[in-house]
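Trainee: Fold the stuff below for me.
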Amino acid sequence: MTTRWRESVGLITLCVGLAAATISPARAVTDADCRHRVNSTQERLLACIRRDVLWQHLVELQKIADANPGAQGHANRNIGTKGYRASVEYVTRLMQKAGYHVQIQAYPWKRSRTVGTPQLTIDGHVYREATDWFVAGLSGSGQVHAAIAAPGLESETSTGCDSASFHGFARGSVALLKRGACDFDTQVANAQAAGASAVILYNDKADIDANGPYRKHARGEAFSAMLSQPANIPVIGALSYEDGAALAAQSRSGNAPVAALSVQTELFSRKDYNVIADSPYGDDAHTVVVEGHLDAIHGAGILDNGSGSSTILEIARNLANTPTKNHLRFIWFGGEEIGLLGSKYYVSALSPAELKKIAFDIDVDVTATPNYAILIADPGHAHAADKFPKKVIRDSQPGNHAFLEYFRSIGIASRIASFGNDGTDSIPFSFAGVPNTGILTQQDCCKHDWEVRLWGGFTGNFEGNIPSHDGGCVDNPGRWCDNLSNNDRGVLEFVSKATAAVVLKFANDGGLGRKK
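Mentor: Numbering: from 1, shown residues only. The predicted model follows:
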């Protein structure tokens, strides 16, 4: 997932329940039974969502990643790699065997490579590339020596997400922008229009546990940003929060820091792929999309998002012979990790008539976090909520409530979550006017004391080294540790069952998309 979802303060908290061990096992059924029978009730469907089969999908994705190492020799399923294409083939094969009509949707994408050795020095301090900062994907080229300016000096929270933020910005300055309030492309486009000579992005404070050792000892993390459109100027993506916030404070003091940077990139084009599987049942004028991303970032990507991909696979396979009122479409998107490329393309390629048929979208992004939290995506709490068609927020509430009610029924706490504009594949659906919800079990760092009281576990990392505050595996380049061991079987099972219950409910909602 590109940007970690963030729990909203003061929203719904449900009854506390601890791990899946508290859930009574369903009547044993064989895999063959599940594949061939009609699972038209929640009891029958959930009996077929089993941890051993779910886990086996993760095993297979790990094998694929191991068999297709990247340039540095690590297991790899990232966009544009043989490992990702083999993942597409794996999902396609299983869905065709189950009886779905499967389409592999190809779409173009641009990427960039860095030429030579990029350099960044600020007030004489040398920042180390690939440690303290990264060249953003699709960054432009250039050599720049200029003062750093934080747009909207009167506001510490200004992120350059609108042109008004750049009022008074000195053309030729390097724009220093905090991530999180909108997508990177919007920030960079506004900076370019204001005459910035370069952009330096820095991490969002919300990604750091301000009260824990993660901030004190690890200083936060630099991260690698990816644009979806090529920039005309160099883009640094990005500094840690501490480094960026210190530079912003210095800029606001009137003693602007001076950056000297050199970045050379070259662009080239590739193809990427979505897997789209349509059920033979249901009214396609009222289609429910169940989706998640199949691509990884920084390696095998077994938690993010092999886990969500496994959840979708098992729901689809166990509904293969089940007639439903509404049509079900299962999609595994590519390119989520570098800018929601697959979902943006899918939604934009729909004709108005095809788009109108989509009644609801359910996003499944990370479902097996060991030190988990249970978060439910509500588009009403996205940073771009004011830009969505108004009906999206209103019509999404039944999805949020369905997840909340299911988790209440099994005694596990859940919370509504907010997320950034580039956070997950439901975002393009929101912009297109499609109501949606989603599920996430968290990643990276840091779990707080109040979250431990809700879900048990430890403060600090949600995944990776537990207990620890080092930032986890998923979004940290160079660690290559989002492997099979980074997942929990029990969490994968009970979250997959929750998702299956919601999918079945919406598949048979006779009023879905039919109400004005």
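Trainee: How about residue 265, nearest residue that isn't a chain neighbour?
Mentor: Among residues not flanking residue 265 along the chain, residue 112 sits closest, at 4.4 Å (C-beta to C-beta, 6 or more residues apart in numbering). In this view, the C-beta of every residue, glycine as well, is placed from N, C-alpha and C.
Trainee: what's the one you found sitting at in phi/psi?
Mentor: Taking degrees, to the nearest 10, you get phi -130, psi 150 for the backbone angles of residue 112.
Trainee: Spell out the residue ranges of the strands in the stretch 101-250 of the chain.
Mentor: 101-114, 119-122, 125-127, 142-149, 174-178, 198-202, 235-239 (DSSP state E, counting those that start in this stretch).
Trainee: any chance of those strands in CSV, plus mean neighbour count?
Mentor: Formatted as CSV, those follow (neighbours: other C-beta atoms under 10 Å):
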stretch, mean neighbour count
strand 101-114, 15
strand 119-122, 18
strand 125-127, 13
strand 142-149, 17
strand 174-178, 28
strand 198-202, 28
strand 235-239, 28
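Trainee: Now that we have these, can you turn them into CSV and tack on mean pLDDT?
Mentor: Formatted as CSV, those follow (pLDDT from 0 to 100):
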stretch, mean pLDDT
strand 101-114, 94
strand 119-122, 97
strand 125-127, 95
strand 142-149, 97
strand 174-178, 94
strand 198-202, 95
strand 235-239, 89
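Trainee: can you put those in TSV and add distance to residue 321?
Mentor: TSV is the format used below for the strands of the stretch 101-250 of the chain (distance: least, C-beta to C-beta, whole Å):
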stretch	distance to residue 321
strand 101-114	15
strand 119-122	57
strand 125-127	57
strand 142-149	58
strand 174-178	50
strand 198-202	49
strand 235-239	47
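Trainee: what's the closest of those strands to residue 431?
Mentor: Closest to residue 431 of the strands of the stretch 101-250 of the chain is strand 101-114 (C-beta to C-beta; 17.4 Å).
Trainee: Relative to that closest one, what are the paired strands and their orientations?
Mentor: strand 265-278 (antiparallel) (DSSP bridges).
Trainee: just checking, what packs against the following helix or strand past the partner strand?
Mentor: Downstream of strand 265-278, the first helix or strand assigned by DSSP states H and E is strand 283-293. Counting contacts by 3 or more C-beta pairs under 8 Å, 6 or more residues apart in numbering; DSSP states H and E, strand 283-293 is packed against helix 308-318, strand 326-333, helix 341-349, helix 352-357, strand 358-364, helix 489-507.
Trainee: quick one: which of these is nearest residue 125?
Mentor: Going by C-beta to C-beta, the one of those nearest residue 125 is helix 341-349, 34.9 Å.
Trainee: what sits up against that closest one?
Mentor: 79, 105, 107, 109, 228, 272-274, 276, 291, 293, 295, 331, 333-336, 355, 425-429, 431-432, 434 (C-beta atoms under 8 Å, 6 or more residues apart in numbering).
Trainee: now with 7 Å?
Mentor: 105, 107, 109, 228, 272, 274, 293, 331, 333-336, 425, 428-429, 432 (C-beta atoms under 7 Å, 6 or more residues apart in numbering).
Trainee: what does stretch 478-485 give?
Mentor: Contacts of stretch 478-485 (C-beta under 7 Å, 6+ apart): 58-59, 62, 74-75, 298-304, 464, 473-474.
Trainee: Go again with 8 Å.
Mentor: Here stretch 478-485 has contacts from 58-59, 62, 65, 74-75, 130, 296, 298-304, 463-464, 473-474, using C-beta under 8 Å, 6+ apart.
Trainee: Buried ones only from these, please, as a ChimeraX command.
Mentor: Buried residues within these, by 16 or more other C-beta atoms under 10 Å, are selected in ChimeraX with:
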select :58,62,65,74,75,296,298,299,300,301,302,303,304,463,464,473,474
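Trainee: In helices, which of the contacts of stretch 478-485 appear?
Mentor: The helices, defined by DSSP state H, take in 58, 59, 62, 65 from the contacts of stretch 478-485.
Trainee: Tabulate the residues you listed (CSV), appending pLDDT.
Mentor: Listed next are the ones in helices among the contacts of stretch 478-485 as CSV, based on pLDDT from 0 to 100:
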residue, pLDDT
58, 98
59, 98
62, 98
65, 98
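Trainee: just curious, which of these is nearest to residue 380?
Mentor: Out of those, the member with the shortest distance to residue 380 (by C-beta to C-beta) is residue 58, at 32.2 Å.
Trainee: Was I right to think the closest one contacts residue 308?
Mentor: No: in this structure residue 58 lies outside contact range of residue 308 using C-beta atoms under 8 Å: 10.8 Å.
Trainee: any weak-confidence spans in this protein?
Mentor: 1-28, 152-158, 205-223, 419-422, 515-516 (pLDDT under 70).
Trainee: Can you pull the domain assignment for it?
Mentor: Listed by automatic domain parsing, the domain ranges of the chain are 6-109+270-507, 116-263.
Trainee: partners of the nearest residue to residue 271 once chain neighbours are set aside in the sheet?
Mentor: With C-beta to C-beta, 6+ apart as the criterion, residue 271 has its nearest non-adjacent residue at 5.1 Å, and that residue is residue 106. Here residue 106 sits in beta bridges with residue 273, going by DSSP bridges.
Trainee: Please save the CA atoms from stretch 343-358 in CSV.
Mentor: Extracted in CSV, the C-alpha atoms of stretch 343-358 (Å, rounded to 0.1, in the frame of the first residue of the first chain):
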residue,chain,number,x,y,z
SER,A,343,-7.0,1.2,-10.7
LYS,A,344,-6.7,4.7,-12.2
TYR,A,345,-6.4,3.2,-15.7
TYR,A,346,-9.3,0.7,-15.1
VAL,A,347,-11.7,3.4,-14.0
SER,A,348,-10.6,5.9,-16.6
ALA,A,349,-11.1,3.3,-19.4
LEU,A,350,-14.7,2.6,-18.5
SER,A,351,-17.3,4.2,-20.7
PRO,A,352,-20.0,6.3,-18.8
ALA,A,353,-22.4,3.4,-19.3
GLU,A,354,-20.0,0.9,-17.9
LEU,A,355,-19.1,3.1,-15.0
LYS,A,356,-22.8,3.5,-14.2
LYS,A,357,-23.2,-0.2,-13.7
ILE,A,358,-20.7,-0.3,-10.8
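Trainee: coming back round to it: just give me the closest of the contacts of helix 341-349 to residue 90.
Mentor: residue 334 (13.6 Å).
Trainee: What's the local residue count around the closest one?
Mentor: Using other C-beta atoms under 10 Å, residue 334 has 29 other residues around it.
Trainee: Next, it: phi, psi?
Mentor: The phi/psi pair for residue 334 (degrees, to the nearest 10) is phi -100, psi 160.
Trainee: Please consider this matter closed, and thank you.
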